[in-house]
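Engineer: Prediction below, plus the sequence it came from.
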Amino acid sequence: MAGEPSLTIGFDITRTQASLRTVPACRSALGQMIANFPSGRMTDRLSAAVPVDSFLGSISALASWPEPESVVWEDDFRRLVTEMLDTADAAERLLSGEVGEDAVTADQLPALLGANWKAPLAPFQLRDTARLLSMGNGANFSVPGAGKTRVSLAVFSALRERGEVSRILVVSPRSAFEAWRYEAEACFAEPLQAHVMGKGAPPSADLLIVNYERLHGALPALSDWLRAAPAMLVVDEAHRMKLGGAGVWGAACLALGPLSRVRLILSGTPAPNGAKDLENLLSFVWPGHGRRVVTQAVDGGNLAYASKVLRPMFTRTTKAELGLPPVEVRLRRLAMPRLHEEIYEALKGGDRVSARAAADRMDFQTLGKAVLRMLMAATSPALLVGGSTRYEPLEFRVPPLQASENAPLSELLHRLPEYEVPPKYKEALAIVAENASLGRKTLIWASFVRSITSLQRLLAPFQPAAVHGGTQDREAELRRFREDPACSVLISNPATLGEGISLHQDCHDAVYIDRDFQAGRFLQSLDRIHRLGLSPDIETRITVLAAVGTVDEIVAMRLAKKLEFMGRILDDSAVRELSDPEEEASVAAGMDAADMRAVLEHLETGAL
């Protein structure tokens, strides 16, 4: 048909991909052209889809289209492409070290914030704010406690003064809501109208906050809110969208990105699993450019070079710049008791399985194959055996019984708490007891809820507080830990309490019963007790427990590699140092059953 477009380019329904539609006469031309777009694919005989990032990065492939004069661009997609190409040019200038005409210095910043801004900014916050304003879209990878929330609002205030934006949408974990609401009031003489996303997006909101879990269902309302007025989009704890378009949260953020005038991501741990995470984050900030820059910079393995290349694309305040006292990280390797080791080897399989394990009808390997189960078993195989309730604590017998050499191993597994107290728990007890005697509180990290409840029971004389996914009143438990002198220990897991809270004024000792492979989560949990506001004379001590010959050692090796990568990419020596903790001897190594019973009785009776 005369006048019919030969090619129509727009968004697909998810707004994360370019949709290309043609006519029968140009079907083969579309197939040939789409082959030049990485990740491009035909969706039917006359249509193709390309992830937006890939489309922008290879947009020159459109030059091969045989009928360029009859190509039609849908308006919203044309605006995105125009903006993204401008953004790519700005990113190129950043990488080349070119200073733009609109670059802002820290000295100029106070005059740009407007009369409504009233909050003080530390020198490093002035620097970071000025840097982000000069970038346009940007990334703030400062450590927790550096005031990324306040810096983001300072960027917003300056942009609002310029007339570039009038509202701000923040995607964040629930744990960060309080900080955003507090800063929205503390930073402005006339506070921002801050609202948490409910059933809808209030049109009157200056600051709208939504948590990651609600993103997908709220996309239509959030899209309308962003379209209604020029807005800045901030993705807080952006490592949560590190999967990019392959993850639900990442896809939702990618869909919202083109609807905002300015995009800013915040994360103290931007590359917890390597370069791929960083690619996805920077491709959100600079679609079509960020991924390519990271890939090219990291290719070849020279991380010092990669850091130098990537440094202009983000701002970061390090712990050294915050003036924090150093943190002491120690690794304690603990030998497993004989029965524990025999059961662990049976669960693992391989050449070291004992004769009675091989002869036992119980399928140990089926029970133990999953990585999470092996992590549990490294602490105590008894955690794998179901109780009367999902999180029933283990009941340890002190002193323990002597295990019979002739008893079936499966029977011993089910009764394991009668025969031993796990070395990690004994070590934790010794550390907590020593700290309590010195008036120091202890934070214990344990990944599994049943481990938390078991430690609660074992550490009952110290009146432990505990916070996990099933805790009814987290604030009450945290308040008791902070304020009650008799409460000497808080037990939690990084998945629940690893972000959004500050315990550095109340606790300076942390113990890791176990760790998983998530380097970002480990770093975030460390920062609960080591952050801005610590006195220079405070000693922060971190103790990591690992069972010798178990998956704990694999976790330690993999975390070390990830921390080394992240530290080198970010040019942060403090992160690199965490990859090589100093080893030290166990303090409970000489504690036998009678010693342990005496300690517990002493604590229960208050005897001297």
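Structural biologist: Yep, it's here.
Engineer: so Leu20 sits in a helix?
Structural biologist: No - Leu20: not assigned to a helix; according to DSSP: H, G, I helix; E, B strand; the rest coil it is strand.
Engineer: number of nearby residues for the closest residue to it other than its chain neighbours?
Structural biologist: What sits nearest to Leu20 in space, not counting adjacent residues and going by C-beta to C-beta, 6 or more residues apart in numbering, is Ala48, at 4.6 Å. The C-beta positions use only the backbone N, C-alpha and C, and glycine is treated the same way. For Ala48, the count of nearby residues is 22 (other C-beta atoms under 10 Å).
Engineer: Hmm, Ala48 is touching Leu30, no?
Structural biologist: Yes - taking C-beta atoms under 8 Å as the definition, Ala48 is a contact partner of Leu30 at 5.8 Å.
Engineer: residues shared between the contacts of the two?
Structural biologist: Residues touching both Ala48 and Leu30 (C-beta atoms under 8 Å, 6 or more residues apart in numbering): Leu20, Met42.
Engineer: Can you show me the strands along the stretch 51-200 of the chain?
Structural biologist: Secondary structure of the stretch 51-200 of the chain, counting by DSSP state E, counting those that start in this stretch: strands at 71-73, 138-140, 167-172, 194-196.
Engineer: Parallel or antiparallel, list what pairs with the last one.
Structural biologist: Paired neighbours of strand 194-196 in the sheet (DSSP bridges): strand 207-211 (parallel).
Engineer: For stretch 236-250, give me every contacting residue.
Structural biologist: With C-beta under 8 Å, 6+ apart, stretch 236-250 has contacts from 16-17, 51, 53, 139, 148-149, 152, 170-173, 176, 180, 212, 215-216, 235, 251, 253-254, 265-267, 269-270, 272-273, 276-277, 279-281, 283-284, 499, 520.
Engineer: What's the end-to-end length of that stretch?
Structural biologist: Length of stretch 236-250, first residue to last, C-alpha to C-alpha, to the nearest Å: 12 Å.
Engineer: Could you do stretch 374-390 as well?
Structural biologist: 18 Å.
Engineer: tell me how far that stretch is from the chain's mean position?
Structural biologist: Here stretch 374-390 is found 26 Å from its chain centre; the criterion is C-alpha atoms, centre = their mean, to the nearest Å.
Engineer: Buried residues, that stretch. List them.
Structural biologist: If you call a residue buried by 16 or more other C-beta atoms under 10 Å, then stretch 374-390 has these buried ones: Met374, Leu375, Met376, Ala377, Ala378, Thr379, Ser380, Pro381, Ala382, Leu383, Leu384, Val385.
Engineer: can you check stretch 307-323 too?
Structural biologist: For stretch 307-323, by 16+ other C-beta under 10 Å, it's 307, 309-319, 321-322.
Engineer: Filter the residues you listed down to just the ones in helices.
Structural biologist: Among those, the members falling in helices (DSSP state H) are Ser307, Val309, Leu310, Lys319, Glu321, Leu322.
Engineer: Tell me how this protein divides into domains.
Structural biologist: What automatic domain parsing lists as the domains of the chain is 7-73, 101-317, 327-332+421-605, 335-419.
Engineer: Can you select the buried ones from the contacts of stretch 236-250 in ChimeraX?
Structural biologist: Buried residues within those, by 16+ other C-beta under 10 Å, are selected in ChimeraX with:
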select :16,17,51,53,139,148,149,152,170,171,172,176,180,212,215,235,251,253,254,265,266,267,269,270,272,273,276,277,279,280,281,283,284,499,520
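Engineer: how about the buried residues of stretch 374-390 in JSON lines, adding distance to Phe37 and secondary structure?
Structural biologist: Listed next are these as JSON lines, based on distance: C-beta to C-beta, whole Å; DSSP: H, G, I helix; E, B strand; the rest coil:
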{"residue": "Met374", "distance to Phe37": "42", "secondary structure": "helix"}
{"residue": "Leu375", "distance to Phe37": "41", "secondary structure": "helix"}
{"residue": "Met376", "distance to Phe37": "45", "secondary structure": "helix"}
{"residue": "Ala377", "distance to Phe37": "47", "secondary structure": "helix"}
{"residue": "Ala378", "distance to Phe37": "46", "secondary structure": "helix"}
{"residue": "Thr379", "distance to Phe37": "48", "secondary structure": "helix"}
{"residue": "Ser380", "distance to Phe37": "52", "secondary structure": "coil"}
{"residue": "Pro381", "distance to Phe37": "51", "secondary structure": "helix"}
{"residue": "Ala382", "distance to Phe37": "54", "secondary structure": "helix"}
{"residue": "Leu383", "distance to Phe37": "49", "secondary structure": "helix"}
{"residue": "Leu384", "distance to Phe37": "48", "secondary structure": "helix"}
{"residue": "Val385", "distance to Phe37": "53", "secondary structure": "coil"}
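Engineer: Roughly how far does Phe124 sit from Val285?
Structural biologist: Look at Phe124 and Val285: by C-beta to C-beta, to the nearest Å, they are 21 Å apart.
Engineer: For the two, work out which one has more neighbours and name it.
Structural biologist: Set Phe124 next to Val285 and count neighbours by other C-beta under 10 Å: Val285 wins out with 23 against 20.
Engineer: residues touching Leu559, list them.
Structural biologist: Counting by C-beta under 8 Å, 6+ apart, Leu559 has contacts Arg515, Phe517, Ala519, Phe522, Ser579.
Engineer: out of the domains of the chain, nearest to Glu83?
Structural biologist: Ranking the domains of the chain by their distance to Glu83 (criterion: C-beta to C-beta) puts domain 101-317 first, at 7.7 Å.
Engineer: Distance from that closest one to the middle of the chain?
Structural biologist: Worked out by C-alpha atoms, centre = their mean, domain 101-317 lies 15 Å from the chain centre.
Engineer: same thing with stretch 562-571?
Structural biologist: 15 Å.
Engineer: Pull the CA coordinates from that stretch and hand them back as CSV.
Structural biologist: Taking C-alpha atoms only, stretch 562-571 is exported to CSV below (Å, rounded to 0.1, in the frame of the first residue of the first chain):
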residue,chain,number,x,y,z
LYS,A,562,34.5,-11.0,44.8
LEU,A,563,35.8,-8.6,47.4
GLU,A,564,39.1,-8.3,45.7
PHE,A,565,37.4,-7.5,42.3
MET,A,566,35.0,-5.0,43.9
GLY,A,567,37.8,-3.3,45.8
ARG,A,568,40.0,-3.0,42.8
ILE,A,569,37.2,-1.7,40.5
LEU,A,570,36.2,0.9,43.1
ASP,A,571,39.8,1.6,44.0
